[in-house]
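Chemist: here is my input, please return the structure:
(chains A and B)
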Amino acid sequence: MKGLQSNDLIARIIRYRIAYLWFAPFLILFVIFWAWPILFSFNLSLHKWQMLGKPTFVGLRNFGYLFKDEYFWTSFYNTLYYFLTIVPLRTFLALVIAFVLNSPQVRWKEGFRIIYVLPYVTAPIYVALLFKVLMAEGGGWINVFLEQAFGIQPVPWLVSPAWSKISVSTVVYWNGFGFYMLILLGGLQKIPKDLYEAAAIDGANQVRCFFRITVPLMLPIIAFIMIISTIEIFSLFEAPLLLTEGGPGVSSITLTLQLWRNAFDYFKMGYASAYAVVIFLAVVFLSALQLKWFKSK
Amino acid sequence: MTVRHAKSIAVRILLYGVLLLFVLICIFPFYMMVSGSTKNNSELITLNQKLLPQQVNFRKYALLSERFPFWRISLNTVFFAGSKAILAVLFCSMAGFALAKYPFPGRSICFALVLITLMVPFQSIIVPSYLILARFRWLNTFWGLIVPGAVPAFGTFMMRQFFVASFPDEVLDAARIDGCTEFSLYWKIVIPLSAPSMWVLGMIILMLNWKNFIWPFVVVSKEEMFTIPIVIQAIAAGGVHEDWGQALAASTVGTIPLIVLFLVAQKYFISGLMSGFSKG
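Modeler: From the prediction side, this is the model:
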């Protein structure tokens, strides 16, 4: 019986051999450029290595340093700050706009849709540069406009620790809003129209429809957005790198920026890998947590 | 009834007001980018901001191509993003097709690998990726730029979903009965019939790589291998020589072609983005 089964297995492998050929390119690149690097990263985080000579094994000492490192905690706190100031509100606003663009009474939907996605089509590095120019304290366009239109004193967007994180968040908002709006719109279009019609007959207004029909039915897509936003925020790099250079001081650094600096400015490959391991574990843990939370709903 | 009517008009005005405000917020920075690239430096950051440049000049563009091999860099960007798109369309559809249509032993493990890869932030493998490329002597080469991410997991996932949901098995069986081999099945039947989804995937991959900063930043340090996003960082890191006008000119060159392509092929972009599998 056992022999028969293994014969059967071999027969199936031979029968579907073409599938292995089709899947091979993915698998080869996966092994060399994903699986190996991840293991390599974990291994390197247990070593001290300055790119010269051989790495020396130091056990968990890198993590010991990491948890005593003020910069690590600042960047960790900042990453959470970015997540909390960006993701919930952006998702909600994107859902509201998508809801409006999905309603049958609004015209020029395609036009609005295209325009709202244009910022997403622009590379984050260009956006960071552009806002660096616009947000200059004395003479940047935004401050001049605010003063001329509303009489607001110049805002120290990039030069004050209290504002730098807000500026980074603003840039991330502008850059990503349209993308999330589109995903949500894609989901909204799958909600059958008769649900809204039935609610309208029952006398529910638009706001009630939004909270009673739209939000509950959209929970799976909101869960998906939460997960990709988690990855996005933990990977935040271009905006802090160029817009604020992590500063002033260390007020807007992120985990990825610190990882980069340790690896390629200070050549502390082992220590940088400890950062990488923390990012990896944090993202996997947070994604799992969110998925669980949304499943229980 | 008239009160209600007036109220609905007010609501409508408010609605369109908000939508138009968002339009302005989305469009205006682009205007500042393009117009900034034609201004003199003294007009860029000044308390005396004018909406229109005093005199439009293209000196920044000339300076940019004097300071960097900018033609070469632009072609690099096209070649990098284009070849990534072509390779991804080919290999992702192959892998997705295998996962969707052949119950081969090990299929569920292979699919799990795709899903796991979706969850891993690329940032956590920057250091080993760099070291592996250095070992391969692939730093500052197109091999290093193009090969490692050539079969993205999200593309494989997207194509697999497409084949499962909207590619009927009957077509394949009919072709097999007609004596089509498994090999030519893919080339003669699958590729032509799944062309629309392949276009969608291709456009998304093209865009993501055109925008990509961190991967070229890892791989490339020589100017002749730069892509346009790297130029921005090179100018910004220049310290005293920093020239925001030049950087804005480079951004304009990097942004406008993609926006034009987006507007021309928006059908593909929008449906790809709406399905939501362009991240991770």
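Chemist: okay, CA-based contacts and neighbour counts for the rest of this
Modeler: Noted.
Chemist: okay, and residue 87 sits in which element?
Modeler: The chain I'm using is chain A. When secondary structure is defined by DSSP states H and E, A:Val87 falls within helix A:70-102.
Chemist: that was the other one, I meant chain B.
Modeler: Counting by DSSP H and E, the element that carries B:Leu87 is helix B:70-101.
Chemist: packing partners of that helix?
Modeler: In this structure, helix B:70-101 packs against helix A:17-30, helix B:107-119, helix B:142-146, helix B:153-166, helix B:195-211, helix B:228-236, with contacts taken as 3 or more C-alpha pairs under 8 Å, 6 or more residues apart in numbering or on different chains; DSSP states H and E.
Chemist: what residues sit buried inside the helix holding A:Val87?
Modeler: Of all the residues in helix A:70-102, those buried under the rule 16 or more other C-alpha atoms under 10 Å in any protein chain shown are A:71-72, A:74-83, A:85-87, A:90-91, A:94-102.
Chemist: what about that helix, distance to the chain center?
Modeler: Its chain's average C-alpha position is 9 Å from that of helix A:70-102, according to C-alpha atoms, centre = their mean, to the nearest Å.
Chemist: next secondary structure after it?
Modeler: Proceeding C-terminally, helix A:70-102 gives way to helix A:109-121 as the next helix or strand, assigned by DSSP H and E.
Chemist: and that following helix with helix B:195-211, angle?
Modeler: On the basis of axes from the mean of the first three to the mean of the last three C-alpha atoms, to 10 degrees, helix A:109-121 is oriented at 40 degrees to helix B:195-211.
Chemist: show me what the helix or strand following helix A:109-121 packs onto, helices and strands only.
Modeler: Beyond helix A:109-121 on the C-terminal side, the first helix or strand identified by DSSP H and E is helix A:124-134. Contacting helix A:124-134 under the criterion 3+ C-alpha pairs under 8 Å, 6+ apart are the following elements: helix A:141-150, helix A:161-188, helix A:238, helix B:2-36, helix B:228-236, helix B:244-264.
Chemist: ok, which of the ones you listed comes nearest A:Val215?
Modeler: Relative to A:Val215, the nearest member of the helices and strands packed on helix A:124-134 by C-alpha to C-alpha is helix A:161-188, separated by 9.7 Å.
Chemist: enumerate the positions of the closest one that are buried.
Modeler: For helix A:161-188, the buried set under the neighbour-count rule, 16+ other C-alpha under 10 Å, comprises A:161, A:163-188.
Chemist: so which bits of the stretch 51-200 of chain B are right by chain A?
Modeler: Taking C-alpha under 8 Å from any C-alpha of the partner chain as the test, the list of the stretch 51-200 of chain B residues beside chain A reads B:91-92, B:94-99, B:102-105, B:117, B:119-125, B:127-129, B:148-152, B:182-183.
Chemist: leaving out chain neighbours, which residue sits closest to A:Thr122?
Modeler: In space, and not counting its chain neighbours, A:Thr122 is closest to B:Thr255: 5.9 Å by C-alpha to C-alpha, 6 or more residues apart in numbering or on different chains.
Chemist: up against chain B, what does the stretch 51-200 of chain A have?
Modeler: If contacts are counted using C-alpha under 8 Å from any C-alpha, the residues of the stretch 51-200 of chain A sitting beside chain B are A:112, A:114-116, A:118-119, A:121-126, A:129-130, A:133-134, A:136, A:138-141, A:144, A:174, A:179, A:182-187.
Chemist: do that again at 7 Å, thanks
Modeler: For the stretch 51-200 of chain A, the residues in contact with chain B (C-alpha under 7 Å from any C-alpha of the partner chain) are A:115-116, A:119, A:121-123, A:125-126, A:130, A:138-141, A:144, A:179, A:182-183, A:185-186.
Chemist: domains of chain B?
Modeler: As assigned by automatic domain parsing, chain B contains the domains B:2-36, B:66-275.
Chemist: can I get those domains in TSV including mean neighbour count, distance to A:Val215 and mean pLDDT?
Modeler: Output for the domains of chain B, formatted as TSV (neighbours: other C-alpha atoms under 10 Å in any protein chain shown; distance: least, C-alpha to C-alpha, whole Å; pLDDT from 0 to 100):
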stretch	mean neighbour count	distance to A:Val215	mean pLDDT
domain B:2-36	15	20	88
domain B:66-275	19	18	90
